[in-house]
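In: need a 3D model of the following:
(4 chains)
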Protein chains: 2
Amino acid sequence: MLELAVLGFLHDAQLHGYELRRHIAALTGHVRPIADGTLYPLLKRMEAAGLLRRELQPGQIAAPRHMLSLTTAGRRELLRRLREPDELFITDENRWFTMLAFLRHLDDPAQQAAVLRRRLHFLTQPASFFWDGDRPLRAADFDDPFRQGLFTIATATTRTELRWLRETLASLEPGGGTRQPRQDAAAGELLSARSIEEDLQRGR
Amino acid sequence: MLELAVLGFLHDAQLHGYELRRHIAALTGHVRPIADGTLYPLLKRMEAAGLLRRELQPGQIAAPRHMLSLTTAGRRELLRRLREPDELFITDENRWFTMLAFLRHLDDPAQQAAVLRRRLHFLTQPASFFWDGDRPLRAADFDDPFRQGLFTIATATTRTELRWLRETLASLEPGGGTRQPRQDAAAGELLSARSIEEDLQRGR
DNA sequence: GCAAGATACATAGAAGTCGAGGTATGTCGT
DNA sequence: ACGACATACCTCGACTTCTATGTATCTTGC
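Out: Numbering: from 1, shown residues only, chains lettered A, B, ... in the order given. Just a heads-up that it's a prediction; the model follows:
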């Protein structure tokens, strides 16, 4: 996940390590802060792998910086990862959000749509957090409010995302609407009771 | 997170490793499957630490099993972790969901409420995924549909969870409603447009 | 002019996780 | 009778990540 974030942010702009660290912290850091001891060795590995360049710039502001920029191989690798993400990047919410943050770099709408369809497929698989033998347990099966909350939140998230996925997929298809479908739709609109699909049979 | 899940599941019932593995897979496995090579060494470590017992049961069904059960120390450790979770368990969605799955084991409603308040505090902190200098960027600042989706989904999740947190906190307070507040409330009710708070100023 | 804090990078050691492989038993279909 | 598959557990090496610590520069407050 970290590597994808590094590639994605550096595709947008040259950054030095410290700045990159803050970008990553904003994207995923409130959830799971990344440590110096993780980022800097990673950057060295990525440099050794030819994905990025590190150019020393003598201290203009504070200590000397390493200005980071993607190589051609790095840019290619970013596109490859966006085009063919590992299953974990589809299923793990944190990783999936990282995908969404940079999916626009993948120029081809058909390829973008293919990735969204993988997520759609995952979300429409039957799933549940708890089972009684083979029977999936639903919110109403619990009398403790915490597991009920777990289901409530997960269900709401899934519904919102499914709706967004279907809308966006429709607009990505050739001749399927404008290129920027949700430009003027308020986020709240997605939550209106009327617009929520009733066909969701998913446990979570 | 894994350790918490192990402690939590074993508090409910004795299980053997394979069964425990399937329980954990249902709770977090669709997101991030756990490997044999992770679970079995973990169980040995936890046994060495005195948190659980492993008793060999000669093969009744298939290969011989190790029936697992919590020790008193293990039960105490579970409660300690539920009472005083590390910050990561408050901020990381996957870990937080694990907390919710087992929070009922913490008998004292006041202690349960304290944990929920920590999550509430976290969710009401201003936060954003992307920044332009000091200015947090909102959904409308992007013209790519994927980052808009990111914001849309995150916002919807946060709103749903905030509402649930506040309801549940109210019912956990002394004299604050029944002990099982959401027993009969349908999950869908939480999503009705009328009931969604309009005061949310949070970026994500 | 001096301490505190932010900027900026680095390394070492401890620990956890994964993937790939292995062993063995029981069940089911053909 | 036999192979495929599920059950059930185990180990090793490679890799990643975290924590703690260290170094050095620049800015800001007092």
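
In: element containing residue A:53, please.
Out: Taking DSSP states H and E as the criterion, residue A:53 maps to strand A:52-57.

In: paired strands for that strand, with orientation please.
Out: If you go by DSSP bridges, strand A:52-57 pairs up with strand A:65-70 (antiparallel).

In: could you see whether DNA strand D lies near the strand it pairs with?
Out: No. Judged by C-beta under 7 Å from any atom of the strand, strand A:65-70 and DNA strand D are separated, with a smallest distance of 10.8 Å. The C-beta positions use only the backbone N, C-alpha and C, and glycine is treated the same way.

In: quick one: contacts of that strand?
Out: Contacting residues not belonging to strand A:65-70 are listed as A:7, A:10-11, A:14-18, A:20, A:43, A:51-57, A:59, A:78 [C-beta atoms under 8 Å, 6 or more residues apart in numbering or on different chains].

In: just stretch A:84-91 next, same as before
Out: The contact list for stretch A:84-91 (C-beta under 8 Å, 6+ apart) reads A:1, A:4, A:81, A:95-96, A:98-99, A:115, A:118-119, A:122, B:30-32.

In: save those as a markdown table, and put in pLDDT too.
Out: Shown next, in a markdown table, are the contacts of stretch A:84-91 (pLDDT from 0 to 100):
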| residue | pLDDT |
| --- | --- |
| A:1 | 82 |
| A:4 | 95 |
| A:81 | 94 |
| A:95 | 89 |
| A:96 | 92 |
| A:98 | 92 |
| A:99 | 94 |
| A:115 | 96 |
| A:118 | 94 |
| A:119 | 94 |
| A:122 | 89 |
| B:30 | 73 |
| B:31 | 75 |
| B:32 | 77 |
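
In: how about these in JSON lines, adding neighbour count and secondary structure?
Out: Formatted as JSON lines, these follow (neighbours: other C-beta atoms under 10 Å in any protein chain shown; DSSP: H, G, I helix; E, B strand; the rest coil):
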{"residue": "A:1", "neighbour count": "19", "secondary structure": "coil"}
{"residue": "A:4", "neighbour count": "20", "secondary structure": "helix"}
{"residue": "A:81", "neighbour count": "19", "secondary structure": "helix"}
{"residue": "A:95", "neighbour count": "21", "secondary structure": "helix"}
{"residue": "A:96", "neighbour count": "23", "secondary structure": "helix"}
{"residue": "A:98", "neighbour count": "24", "secondary structure": "helix"}
{"residue": "A:99", "neighbour count": "24", "secondary structure": "helix"}
{"residue": "A:115", "neighbour count": "21", "secondary structure": "helix"}
{"residue": "A:118", "neighbour count": "18", "secondary structure": "helix"}
{"residue": "A:119", "neighbour count": "20", "secondary structure": "helix"}
{"residue": "A:122", "neighbour count": "15", "secondary structure": "helix"}
{"residue": "B:30", "neighbour count": "16", "secondary structure": "coil"}
{"residue": "B:31", "neighbour count": "19", "secondary structure": "coil"}
{"residue": "B:32", "neighbour count": "15", "secondary structure": "coil"}
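
In: out of the residues you listed, what pair is the most spread apart?
Out: Based on C-beta to C-beta, the longest span within these runs between A:81 and B:30 and measures 21.5 Å.

In: on that earlier part again, whichever of the contacts of strand A:65-70 end up buried, select them in PyMOL.
Out: Restricted to buried positions by 16 or more other C-beta atoms under 10 Å in any protein chain shown, the PyMOL selection for those reads:
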select buried, chain A and resi 7+10+11+15+16+17+20+43+51+52+78
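
In: in its sheet, what does the lowest-mean-pLDDT helix or strand in chain A sit against?
Out: In chain A, no helix or strand scores lower on mean pLDDT, DSSP states H and E than strand A:131-132, which sits at a mean of 71. Sheet pairing of strand A:131-132 (DSSP bridges) gives strand A:135-136 (antiparallel).

In: so how far is stretch A:12-32 off the chain centroid?
Out: Using C-alpha atoms, centre = their mean, to the nearest Å, the distance from the centre of stretch A:12-32 to the centre of the chain it belongs to is 15 Å.

In: what about that stretch, how long is it end to end?
Out: 23 Å (C-alpha to C-alpha, to the nearest Å).

In: ok, which stretches of chain A are helices?
Out: In chain A, the segments counted as helices under DSSP state H are A:2-12, A:17-24, A:36-48, A:72-83, A:87-91, A:93-102, A:109-124, A:145-172.

In: just give the nearest non-adjacent residue to the most centrally placed residue in chain A, would you?
Out: In chain A, the centroid-proximal residue (C-alpha atoms, centre = their mean) is residue A:97; its distance is 1.8 Å. Using C-beta to C-beta, 6 or more residues apart in numbering or on different chains and skipping the chain neighbours, the partner closest in space to residue A:97 is residue B:150 (5.8 Å).

In: burial check on that neighbour, number of neighbours?
Out: With neighbours defined by other C-beta atoms under 10 Å in any protein chain shown, the count for residue B:150 comes to 25.

In: for it, give its distance to residue B:32.
Out: According to C-beta to C-beta, to the nearest Å, residue B:150 stands 20 Å off from residue B:32.

In: repeat that for residue A:97.
Out: 14 Å.

In: and residue A:161, by the same measure?
Out: Distance from residue A:161 to residue B:32, counting by C-beta to C-beta: 18 Å.

In: what residue in chain A comes nearest to DNA strand C?
Out: residue A:17 (2.7 Å; C-beta to the nearest atom of the strand).

In: wait, that residue sits on residue A:39?
Out: Yes. Using C-beta atoms under 8 Å, residue A:17 is in contact with residue A:39, at 6.6 Å.
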